[in-house]
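>>> I'd like to go over a predicted model; first the sequence, then the structure.
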Amino acid sequence: MLYFDTEQGRGHVTKAQNSIIDGARTEGDIDSLLTLSFRELTPYERIEYIDLVVKNSDDIGLIVIDGIKDLVTSINDEKESTTVTSKLLQWSTKYNCHIIVILHENPTNDKSRGHIGTELTNKAETIIQVEVDSKNPEVSIVRPSSCRNIPFEEFAFSVDEDGIPFIVKDYVIKSKKVKKKSVMEIDDSEKYELLQLAFDNKEFLGYGELESRIKSVVNDKGFKKVKYSSNASIKKFIPYSRDHSLLIQEGNNKPYRLNHQYTNS
């Protein structure tokens, strides 16, 4: 097992490592755990060092990267996001191992942050959401946000005085109500993510096709908190995106393209 930490101080990394080892002992044991802290490195250096460690490790069963955002300079950089995601797919395939990455959600909603979040969501086998219970801060709720296979049942856990997590049996978990918004109510970074999915590697789109693709994304591509948008809403969304530099249009009646220089990290 390889555990890479990108943001915590050494003391907290050591504490996390000890918690993993102590928790594993309650279930049997783990053959080997290598913990590395890459807090002081640049995003490029982190990728290079992780790649080097993976290449020189035998019989890898699990790789944990906390957190994946620190492997890119901008969470909305398409090229960097694709590079990192491709590396994860390469490692999992070549070394036949499981990979877990941690990415924080947007502070205003429960959606993964930036284009890196969109790429990981599209490629992941399972997306697990962990959040502190608003009614009981000592308990965290674990939910299957998205699964390619049959999702697991949500459950609650807490941490004992020794720092070991344990499942809280028969804990009453209130169902999560999702309040849907129109495309004009989501923030600009989410608007840009929606547009990225709508273009789907297309360089240019005419108005009609862009409108159709936006509706398709809202309905089919995982924007579960966004309700179906009427034509009137889309007619506002497209010019808004152009006027706020999410989209570029070279002239009246010209096709639209994504502004690849747009950042909102």
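Arrived safely. Bear in mind that the values here come from a model prediction, so they are computed numbers and not experimental data. Numbers count the residues shown, from 1 in each chain.
>>> please name the nearest non-neighbouring residue to residue 117.
Excluding the flanking residues, the one nearest residue 117 by C-beta to C-beta, 6 or more residues apart in numbering is residue 103, at 5.8 Å. Just so you know, the C-beta spots here come from the backbone N, C-alpha and C atoms, and that holds for glycine as well.
>>> what does the pLDDT read for the one you found?
Per-residue pLDDT puts residue 103 at 90.
>>> can you get me the start-to-end distance on stretch 174-183?
27 Å (C-alpha to C-alpha, to the nearest Å).
>>> going along the chain, name the helices of the stretch 51-200 of the chain.
With DSSP state H, counting those that start in this stretch applied, the stretch 51-200 of the chain shows helices at 78-94, 114-123, 188-199, listed in chain order.
>>> where does the stretch 101-250 of the chain have low pLDDT?
Counting by pLDDT under 70, the stretch 101-250 of the chain contains low-confidence residues at 106-113, 176-180, 220-231.
>>> give me the distance between the residue nearest to residue 117 and residue 67.
Going from residue 103 to residue 67 by C-beta to C-beta, to the nearest Å gives 6 Å.
>>> got it, and residue 254?
Distance, residue 254 to residue 67, using C-beta to C-beta: 40 Å.
>>> what's the burial count for residue 142?
Residues lying near residue 142 (other C-beta atoms under 10 Å) number 16.
>>> residue 166 versus that one, what's the distance?
Residue 142 is 13 Å from residue 166, by C-beta to C-beta.
>>> got any residues that touch both of the two?
residue 157 (C-beta atoms under 8 Å, 6 or more residues apart in numbering).
>>> picking up where we left off before, more neighbours, residue 103 and residue 67?
It is residue 103, of residue 103 and residue 67, that has more neighbours when counted by other C-beta under 10 Å, with 18 against 15.
>>> quick check on that one: phi, psi?
Residue 103 adopts backbone torsions of phi -140, psi 130, taken as degrees, to the nearest 10.
>>> that one against residue 71, yeah?
No: the pair residue 103 and residue 71 does not pass the contact test of C-beta atoms under 8 Å, sitting 10.4 Å apart.
>>> which one of the helices of the stretch 51-200 of the chain lies closest to residue 34?
Across the helices of the stretch 51-200 of the chain, residue 34 has its closest neighbour in helix 78-94 (14.7 Å, C-beta to C-beta).
>>> so which bits of the closest one are buried?
The neighbour-count check on helix 78-94 (16 or more other C-beta atoms under 10 Å) flags 78, 80, 81, 84, 85, 87, 88, 91, 92 as buried.
>>> nearest to residue 33 among those residues?
Nearest to residue 33, judged by C-beta to C-beta, of the buried residues of helix 78-94 is residue 91 at 17.6 Å.
>>> if I look at the closest one, how far off is residue 65?
Applying C-beta to C-beta, the value for residue 91 to residue 65 is 10 Å.
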